[in-house]
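In: What follows is a predicted structure for the sequence shown.
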Amino acid sequence: MDNIAGLCLFLITLYTSYRGLQDTVYFSKYAFRIDRIQVHKEYKRLITSGFLHADWMHLIFNMIAMYSFAGGLESLLGIPKLLLVYFGSLICGNLLSLYIHRNNSAYTAIGASGAVSGLVYASIALFPGIELSLLFLPVFIPGWAFGLLYTAYTIYGIRSKRDNIGHEAHLGGGLTGMIIGLILYPDALLLNMLPILVILIPSLIFLYFVFTRPEFLITGTLKPKTSGTYTIDDRYHTIRRNDEKELDRLLEKIHKTGMESLSKPEREKLEKLSGKS
């Protein structure tokens with residue numbers, strides 16, 4: 001029987017996502033949250049967040065894509081290596097999100113999209129001539145073209161910040177899946193070099209700027225409110241922004257000099273602010 005791993009991942013994700021949608025405490029305990037990972041070292045969230053989804057449409061879309069690509073990769077690589085691609089993509093996608101949003105303590109994310117992107121990119125690399133449809137429509141384009149368009153879309157999404165999609169996890173997961181696939185099956189690099197390079201080169205150039213020039217991700221600034229009545233909502237949001245700035249300052253200090261560098265008042269403030277998030 002093919003696609004055993006895909007079926008198991010589907011059933012586990014279906015169960016955990018259903019629990020998360022029914023139980024907000026369960027959802028919050030396992031979602032990707034910057035403050036809980038950086039301050040409280042809850043690294044399990046790098047994995048568990050991939051088994052939660054925002055709604056049924058989000059879940060169904062990811063699971064159809066996951067199951068569609070898992071079967072072919074399982075036949076080529078075997079179950080252990082397929083799982084390596086899946087979980088490696090999930091973790092590395094979330095690590096890129098963690099890095100990019102490291103100073104945004106309020107950032108949260110869920111979903112298997114990073115892992116699924118890894119399966120898609122691995123399939124593009126390992127199966128020369130593969131064609132993929134756009135949003136499950138009966139319109140197919142070459143895999144390299146799909147990968148290039150998707151990469152361009154994720155890069156635009158990361159920089160524009162115009163939606164609530166975790167583009168960082170998609171890009172990090174996709175590239176990780178492709179690289180792991182090539183390590184496991186190096187002959188594919190010679191058989192499918194041009195499509196692989198078309199996707200890898202712009203992605204790696206973008207990541208170079210992300211890691212060496214952080215200002216590259218800054219595309220605009222918020223304009224302060226200059227007129228009108230100062231309402232209760234305004235007061236709430238002002239306090240919230242100030243709290244987030246203070247939490248971001250403490251997180252940055254931990255990132256640079258370690259948890260031990262915090263004074264006792266700073267530790268107490270950190271615990272208080274983390275509990276609010």
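Out: Looks like it came in fine.
In: pLDDT below threshold where in the stretch 101-250 of the chain?
Out: 135-137, 218-244 (pLDDT under 70).
In: residue boundaries of the helices in the stretch 51-200 of the chain?
Out: 56-77, 79-100, 113-126, 143-160, 167-184, 187-191, 193-212 (DSSP state H, counting those that start in this stretch).
In: Turn the ones you listed into TSV, columns for distance to Arg249 and mean neighbour count.
Out: To be clear about C-beta, it is placed using only N, CA and C from the backbone, and glycine gets the same treatment. Below are those laid out as TSV (distance: least, C-beta to C-beta, whole Å; neighbours: other C-beta atoms under 10 Å):
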stretch	distance to Arg249	mean neighbour count
helix 56-77	33	18
helix 79-100	18	22
helix 113-126	29	29
helix 143-160	24	18
helix 167-184	23	26
helix 187-191	45	13
helix 193-212	22	15
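In: Turn these into CSV, including distance to Lys44.
Out: What follows is the helices of the stretch 51-200 of the chain, written out as CSV (distance: least, C-beta to C-beta, whole Å):
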stretch, distance to Lys44
helix 56-77, 20
helix 79-100, 11
helix 113-126, 15
helix 143-160, 25
helix 167-184, 16
helix 187-191, 32
helix 193-212, 25
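In: Ok, which of the ones you listed comes nearest Ser49?
Out: helix 79-100 (6.6 Å; C-beta to C-beta).
In: how about the CA coordinates for that closest one, as PDB?
Out: Included here for helix 79-100 are C-alpha records, laid out as PDB according to Å, rounded to 0.1, in the frame of the first residue of the first chain:
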ATOM      1  CA  ILE A  79       8.700   6.400   4.700                       C
ATOM      2  CA  PRO A  80      11.600   7.400   7.000                       C
ATOM      3  CA  LYS A  81      13.100   9.800   4.400                       C
ATOM      4  CA  LEU A  82       9.700  11.200   3.500                       C
ATOM      5  CA  LEU A  83       9.100  12.000   7.100                       C
ATOM      6  CA  LEU A  84      12.600  13.600   7.200                       C
ATOM      7  CA  VAL A  85      11.600  15.900   4.400                       C
ATOM      8  CA  TYR A  86       8.200  16.700   6.000                       C
ATOM      9  CA  PHE A  87       9.400  17.400   9.500                       C
ATOM     10  CA  GLY A  88      12.600  19.000   8.400                       C
ATOM     11  CA  SER A  89      10.600  21.400   6.200                       C
ATOM     12  CA  LEU A  90       8.200  22.100   9.100                       C
ATOM     13  CA  ILE A  91      10.900  22.900  11.600                       C
ATOM     14  CA  CYS A  92      13.100  25.000   9.300                       C
ATOM     15  CA  GLY A  93      10.100  26.900   8.000                       C
ATOM     16  CA  ASN A  94       9.200  27.800  11.500                       C
ATOM     17  CA  LEU A  95      12.800  28.700  12.400                       C
ATOM     18  CA  LEU A  96      12.800  31.200   9.500                       C
ATOM     19  CA  SER A  97       9.600  32.700  10.900                       C
ATOM     20  CA  LEU A  98      11.100  32.800  14.300                       C
ATOM     21  CA  TYR A  99      14.100  34.700  13.000                       C
ATOM     22  CA  ILE A 100      12.200  37.200  10.900                       C
END
